[in-house]
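> whatever this is, show me its structure:
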Amino acid sequence: MKRIALFSITYHPFIGGAEIAIKEVTDRLGSEKFSARGGPAFGWDLFTARLNVRLSREERIGNVNVFRVGSGRPLLDKLLYPWRASRLALRMHDKKPYDLVHAVLETYAGLAALLFKRKRPLVPYVLTLQSGDPDEFIRKKTWFWSRWYRQVYTRADRVTAISLWLAARAKRYGFRGSVEIIPNGVDIAHFGGEMRNDEREFVRRSWGAGEKDFLAITASRLVRKNGIDILIASLAYLPQGVKLVIAGGGEDEAALRAQSKSFPGRVVFLGEMGHKDLPRVLKACDAFARPSRSEGLGNSFLEAMAAGIPVVGTPVGGIVDFLKDGETGLLAQAENPKSVAEKINQLATDKGLCKTLARNAQALAVSRYDWEGIAAQYGRIYQQSLQPNVPQA
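The predicted structure follows:
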């Protein structure tokens with residue numbers, strides 16, 4: 001059994017793209033099916049911030065032993081996480097050594113892995129870039145520890161990134177090796193099933209939608225980088241029959257609800273939604289739209305694509321890796337509500353276009369973003385990192 005110390009600032013029950021990726025990959029690489037194919041057996045100890053006093057300090061989730069550090073006070077737990085997590089990991093390493101350390105996200109988790117690496121330099125260190133925050137935000141967040149932040153990249157033995165945009169960031173911060181692009185994926189079986197027409201109509205009526213209404217959904221954290229305010233503002237340029245469904249919660253929710261009052265009856269807030277219920281909600285809508293200001297990759301787009309509905313996005317961050325305008329979706333100008341409205345209206349008035357884009361996007365999701373293939377790529381990275389003196393590809 002190859003032991004891996006895994007660092008992630010958050011984990012279950014806090015669910016985002018990085019957390020989903022950890023679970024999907026460890027579920028597969030830790031399975032008997034993977035070992036039967038000739039792969040080594042892996043075991044993970046995941047060090048995360050506690051953030052809530054109700055959460056246990058230790059538990060097993062799937063194939064991962066989860067260790068939560070901190071007192072349960074969110075702000076303090078985040079700030080002290082790198083030191084607490086690395087200290088606990090080092091203590092456990094001295095009792096039973098880890099074969100590899102893996103940081104998922106390059107800020108808090110990256111610093112925790114760096115602190116470990118500085119104490120135990122012979123243990124291979126893999127860094128995975130997942131952050132969707134823009135460069136300006138990263139600079140503001142790390143200016144006071146910029147020298148250390150650069151070492152998060154330069155001391156890594158291998159770096160993976162979920163998009164070309166993030167791979168370029170690794171190079172800017174000094175990583176000299178080859179960055180492997182391993183995107184996040186989507187559970188094709190979960191999102192790709194069919195929905196009965198009567199069920200679809202029932203869901204739409206429960207939201208107050210009429211038979212001829214065109215429903216555009218966005219599913220994301222309600223934070224500035226995701227551009228939900230731009231999406232709501234686009235309603236000013238759209239006919240009354242176009243309505244928005246917003247799934248998710250976040251710090252901007254109150255402001256977005258206030259903004260939506262300018263468009264009575266046209267915005268439905270669903271609140272936080274479990275991953276299990278998301279396919280049903282997506283399939284009840286006619287399109288997915290998110291005018292992001294920045295994006296590491298965009299898991300929500302991939303889920304909508306797998307669900308078989310057309311998508312509208314903006315050409316920022318990792319979105320351009322999979323969204324080709326007029327082929328797998330439509331691209332609107334960033335920070336431009338009118339442009340977003342034009343793209344949504346294209347879909348609302350052209351059923352043939354909707355079908356073509358949805359079909360192409362779903363085929364791409366199946367061929368390139370299935371978790372089985374992505375887990376296999378991480379398995380290869382682990383195996384290569386565990387072999388001494390093996391040059392990077």
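
> the stretch 251-393 of the chain: strands as residue ranges?
267-271, 287-289, 311-313, 330-331 (DSSP state E, counting those that start in this stretch).

> export those strands as a markdown table, with columns for mean pLDDT and mean neighbour count.
Placement of C-beta: from N, CA and C, glycine included. Compiled in a markdown table, the strands of the stretch 251-393 of the chain are given as follows (pLDDT from 0 to 100; neighbours: other C-beta atoms under 10 Å):
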| stretch | mean pLDDT | mean neighbour count |
| --- | --- | --- |
| strand 267-271 | 96 | 15 |
| strand 287-289 | 98 | 27 |
| strand 311-313 | 98 | 29 |
| strand 330-331 | 98 | 22 |
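
> who wins for proximity to Ile181 among the ones you listed?
strand 311-313 (18.8 Å; C-beta to C-beta).

> quick one: residues in contact with the closest one.
Outside strand 311-313, the residues within contact range by C-beta atoms under 8 Å, 6 or more residues apart in numbering are 216, 287-292, 295, 298, 301, 304-305, 319, 323, 328-332, 340, 343-344, 347, 357, 361.

> same question for stretch 118-129.
Applying C-beta under 8 Å, 6+ apart, the set of residues contacting stretch 118-129 is 86, 90, 93, 97-106, 110, 113-114, 116-117, 152-153, 155-162, 166-167, 169-170, 182, 296, 381-382, 385-386.

> quick one: buried residues of it?
120, 123-129 (16 or more other C-beta atoms under 10 Å).

> for Leu278, state which of these is nearest.
Thr128 (23.6 Å).

> where does this structure have low pLDDT?
Scanning the chain with the threshold set as pLDDT under 70 gives 32-40, 388-393.

> okay, now the domains of it?
2-185+370-386, 188-368 (automatic domain parsing).

> so what touches the longest strand seen in the chain?
In terms of residue count, the longest strand belonging to the chain (DSSP state E) is strand 42-49. Strand 42-49 is contacted from outside by 1-11, 22, 26, 29-30, 63-70, 74, 77-78, 81, 85-86, 88-89, 92, 98, 108, 112, 379, 382, using C-beta under 8 Å, 6+ apart.

> could you check how far Asp27 is from Phe42?
According to C-beta to C-beta, to the nearest Å, Asp27 stands 11 Å off from Phe42.

> typo on my end, Lys212
Lys212 is 52 Å from Phe42, where distance means C-beta to C-beta.

> for the stretch 251-393 of the chain, what spans make up the helices?
Using DSSP state H, counting those that start in this stretch, the helices found in the stretch 251-393 of the chain span residues 253-260, 278-283, 299-307, 337-348, 351-368, 371-386.

> pick the most deeply packed of the ones you listed.
helix 299-307 (a mean of 28; mean count of other C-beta atoms under 10 Å).

> which neighbouring elements make contact with that one?
Counting contacts by 3 or more C-beta pairs under 8 Å, 6 or more residues apart in numbering; DSSP states H and E, helix 299-307 is packed against helix 188-191, strand 214-219, helix 278-283, strand 287-289, strand 311-313, helix 351-368.

> determine the set of other helices and strands touching the last one.
Applying 3+ C-beta pairs under 8 Å, 6+ apart, we find helix 351-368 packed against helix 299-307, helix 337-348.

> measure how that helix sits relative to helix 371-386, angle-wise.
30 degrees (axes from the mean of the first three to the mean of the last three C-alpha atoms, to 10 degrees).

> with just CA atoms, put helix 351-368 into CSV.
Output in CSV follows, covering the C-alpha atoms of helix 351-368 (Å, rounded to 0.1, in the frame of the first residue of the first chain):
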residue,chain,number,x,y,z
LYS,A,351,-34.4,25.0,-31.3
GLY,A,352,-32.2,23.5,-34.0
LEU,A,353,-29.2,25.3,-32.6
CYS,A,354,-30.0,24.2,-29.1
LYS,A,355,-30.1,20.5,-30.2
THR,A,356,-26.9,20.8,-32.2
LEU,A,357,-24.9,22.5,-29.4
ALA,A,358,-26.3,20.1,-26.7
ARG,A,359,-25.5,17.0,-28.8
ASN,A,360,-21.9,18.2,-29.5
ALA,A,361,-21.3,19.2,-25.9
GLN,A,362,-22.6,16.0,-24.5
ALA,A,363,-20.4,14.0,-26.8
LEU,A,364,-17.3,16.0,-25.7
ALA,A,365,-18.2,15.5,-22.0
VAL,A,366,-18.5,11.7,-22.5
SER,A,367,-15.2,11.4,-24.5
ARG,A,368,-12.9,13.7,-22.6
